[in-house]
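1. I would like the atomic coordinates for the input below:
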Amino acid sequence: MEALARLEAELTAHALRRLQEIDGVEIYGLAEPERASERVGVIPFNVRGVDHYKVAAVLSFEGGIGVRNGCFCAHPYILRLLKVPGEEALRHQQDIVDGTHVGLPGLVRISFGCYNTLEEVDHTVDVVARVAAGDIEGEYQQDPLTGAYWPRGYEPDYEHYFGLKQGLVARSRRGGIPRCGV
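-> The predicted model follows:
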């Protein structure tokens, strides 16, 4: 467990250092890399001027990166962190009742597990930097009902992330165990 805690602190410190270099990224919570061992490997953030739903979509579709976004089942706390006034929070509640999730406040959250590497942290931060710079490959359209963004005019290369290597596919047809290709 001590080795896992050290790895998580190393990944978190590295991510915090890199994220702080990106203009427009705001990190919530303890953000000092040298204190990474005092926190868990979860970093909530936003990119100025970009909807959290869209940041999550670009990370997913263009980077193959899974993140959470929204209020994380902690709505009152997130609204307080984001300094959302009470009357605005009530308007957002009414929007949800009326069937729209457009413009809802929230954050993006990256988190690390025992299987993550520094290279994966760098890849994630590189995609966040592209989002902050407006360097997005696809054109995204928001689904008002869910708030989620979906690419339009951009076809993700799913095979790059989820494809099986040709030899493994053939082996699996003979009863071997297929493994994901990287």
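2. in stretch 117-124, what counts as buried?
-> 121, 124 (16 or more other CB atoms under 10 Å). Heads up, the C-betas are built off the backbone N, CA and C, glycines and all.
3. in this protein, which residue is closest to the centre?
-> For the chain, the residue nearest the mean C-alpha position is residue 67 (3.2 Å; CA atoms, centre = their mean).
4. next, the contact list for that one, please.
-> For residue 67, the contacting residues are 55-56, 59-60, 108-111, by CB atoms under 8 Å, 6 or more residues apart in numbering.
5. from the residues you listed, which land in strands?
-> If you go by DSSP state E, those have 108-111 in strands.
6. generate a PyMOL selection restricted to the buried entries among these.
-> Those of the ones in strands among the contacts of residue 67 that count as buried under 16+ other CB under 10 Å are selected in PyMOL with:
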select buried, resi 108+109+110+111
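7. out of the ones in strands among the contacts of residue 67, which comes closest to residue 1?
-> Within the ones in strands among the contacts of residue 67, the smallest distance to residue 1 is 17.4 Å, found for residue 111 (CB to CB).
8. what distance do you get for the closest residue to that closest one other than its chain neighbours to residue 22?
-> In this structure, residue 111 finds its nearest non-sequential neighbour in residue 42, 4.4 Å apart by CB to CB, 6 or more residues apart in numbering. In this view, residue 42 and residue 22 are 18 Å apart by CB to CB, to the nearest Å.
9. more neighbours: the two, which one.
-> Applying other CB atoms under 10 Å to residue 42 and residue 22 shows that residue 22 carries more neighbours, namely 19 against 14.
10. so the more buried one: helix, strand or coil?
-> coil (DSSP: H, G, I helix; E, B strand; the rest coil).
11. show the pLDDT at it.
-> pLDDT, residue 22: 98.
12. wait, it sits on residue 129?
-> Yes: between residue 22 and residue 129 there is a contact at 4.9 Å, judged by CB atoms under 8 Å.
13. tabulate the CA atom coordinates of the helix or strand harbouring residue 159 in PDB.
-> According to DSSP states H and E, residue 159 maps onto helix 158-162. Output in PDB follows, covering the C-alpha atoms of helix 158-162 (Å, rounded to 0.1, in the frame of the first residue of the first chain):
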ATOM      1  CA  TYR A 158     -11.600   3.800 -32.000                       C
ATOM      2  CA  GLU A 159      -9.300   1.000 -33.400                       C
ATOM      3  CA  HIS A 160      -6.300   3.000 -32.100                       C
ATOM      4  CA  TYR A 161      -7.700   2.700 -28.500                       C
ATOM      5  CA  PHE A 162      -9.700  -0.500 -28.600                       C
END
